[in-house]
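[1] What follows is a predicted protein model with its sequence.
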Amino acid sequence: MITKNFFRLLVNSLIKKGKKSYSEKTAYTVLKLLKKELKGHNSLLLLSNLTYKIKPAVTLRTKKVAGILIRIPSLIVEGRDISLVVRWFTAGIKLRQNVRHINEKLVVELLDLLLLNRGFVLKKRNDLHRLALLNRPFLKYA
């Protein structure tokens, strides 16, 4: 279920100028390239495990208290975690300069996350969790 949702959101986020068929073709090409790189492993199953690994558990809500904006950590809503991951993922592939085509950018980002435990999405999630830990004293204002 989570893989289909992630894949659907990924396809929709790749759309440029209303060309959904091009973005679908790109996403399926990425799955084929990923399967070839990982020597026959089920790419959808790996994508599902990856999604569970990189989705955030908390988010920061902004609240004004005594004239000061305070960021309060709170649990994330069910669908918001996947949409954040997709947004970070597309931002991460846009930042990749060393690879030319979007298919290759997607595959390189996924392989970095799967094999090397690094990447833009993981960095964003760790930064969000670190900020939530730092702002834990403000939970009394929730």
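    Looks like it arrived, so ask away.
[2] Please count neighbours and contacts with C-alpha atoms only from this point.
    Noted.
[3] Low-confidence stretches in the chain?
    Along the chain, the parts satisfying pLDDT under 70 run over 1-3.
[4] show me where it has strands.
    Under the criterion DSSP state E, the chain contains strands at 58-65, 68-75.
[5] Quick check: which of those is nearest to residue 28?
    Among the strands of the chain, strand 58-65 comes nearest to residue 28, with 30.7 Å by CA to CA.
[6] buried residues in that closest one?
    Buried residues in strand 58-65, counted by 16 or more other CA atoms under 10 Å: 58, 59, 60.
[7] repeat for stretch 9-23
    The neighbour-count check on stretch 9-23 (16+ other CA under 10 Å) flags 9, 10, 11, 12, 13, 14, 23 as buried.
[8] So the last one sits against residue 8, correct?
    No - taking CA atoms under 8 Å as the definition, residue 23 is not a contact partner of residue 8, at 10.4 Å.
[9] beta partners of residue 71?
    Per DSSP bridges, the residues bridged to residue 71 are residue 62.
[10] Nice, that's everything, thank you.
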